[in-house]
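A.B. asks: Okay, structure incoming, though there's no sequence with it:
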């Protein structure tokens with residue numbers, strides 16, 4: 001399975017670490033956040049249309065201006081998905097460059113029983129599969145050992161996920177290269193607007209965020 005890395009070129013330590021852990025990585029680093037001029041901005045009208053799909057009783061996002069780092073992060077995720085659609089691959093793995101993985105990561109990923117017709121499978125360790133169910137936001141259904149279907153679909157941050165061609169196409173068609181929220185919330189917008197999408201989480205999670213466990217300092221926020 002090809003692996004794309006959402007990457008910021010200046011973060012050489014992160015690249016070196018991932019290259020030491022996984023072979024044949026493709027780094028998406030063409031969006032230069034330091035001098036990037038983009039027509040994609042936070043648009044209040046677009047935000048109002050999309051935010052209702054990301055709002056829950058536990059979280060109500062507020063409107064704010066996107067940083068260049070957040071724009072470039074989202075564009076890199078979408079570029080990786082477009083690369084999948086431009087290839088002959090059926091699915092691909094996308095990770096962010098602060099991902100921290102175990103020595104058995106490649107084996108663990110290859111052992112996942114990919115459900116027929118899936119759209120996204122999130123691999124991160126953020127949240128517990130039953131946590132959102134306990135606060136009555138989504139339902140968790142175990143479909144195989146270590147794999148849970150989320151109904152309705154929701155992200156587990158976007159630090160790491162497997163996306164199918166079907167899922168990538170739905171996502172890119174819905175977003176139309178327009179960004180109004182950080183990318184994990186944009187995906188939640190897509191999932192909530194398309195409740196037929198098949199979204200899964202692995203448990204236990206396979207990836208930690210280095211910007212959350214102290215390994216790295218955040219370069220986005």
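C.D. replies: In hand now; what should we look at? This one's a predicted model, so the numbers in the text were calculated from it and none came from an experiment.

A.B. asks: Tell me which stretches of the chain form helices.
C.D. replies: Ranges of helices in the chain, per DSSP state H, are 12-21, 44-54, 68-85, 105-110, 131-134, 165-175, 183-193, 210-213.

A.B. asks: Spit out the contact partners of the most centrally placed residue in the chain.
C.D. replies: The centroid of the chain falls nearest to residue 158 when counting by Cα atoms, centre = their mean (2.5 Å). By Cβ atoms under 8 Å, 6 or more residues apart in numbering, the contact set of residue 158 is 77, 94, 96, 183-184, 187. Heads up, the C-betas are built off the backbone N, CA and C, glycines and all.

A.B. asks: go with 6 Å
C.D. replies: The neighbours of residue 158, taking Cβ atoms under 6 Å, 6 or more residues apart in numbering as the test, are 183-184.

A.B. asks: Report the separation between it and residue 45.
C.D. replies: When Cβ to Cβ, to the nearest Å is the yardstick, residue 158 and residue 45 sit 24 Å from each other.

A.B. asks: just residue 216 next, same as before
C.D. replies: Residue 216 is 35 Å from residue 45, by Cβ to Cβ.

A.B. asks: Between those two, tell me which one has more neighbours.
C.D. replies: Each of residue 216 and residue 45 has its neighbours counted (other Cβ atoms under 10 Å); residue 216 has more, 18 against 8.

A.B. asks: is it true that that one touches residue 159?
C.D. replies: No - with contact defined as Cβ atoms under 6 Å, residue 216 does not count as touching residue 159 (11.7 Å).

A.B. asks: and residue 210, what is it in contact with?
C.D. replies: 98, 100, 216.

A.B. asks: what do you get for residue 118?
C.D. replies: Residue 118 neighbours (Cβ under 6 Å, 6+ apart): 164, 198.
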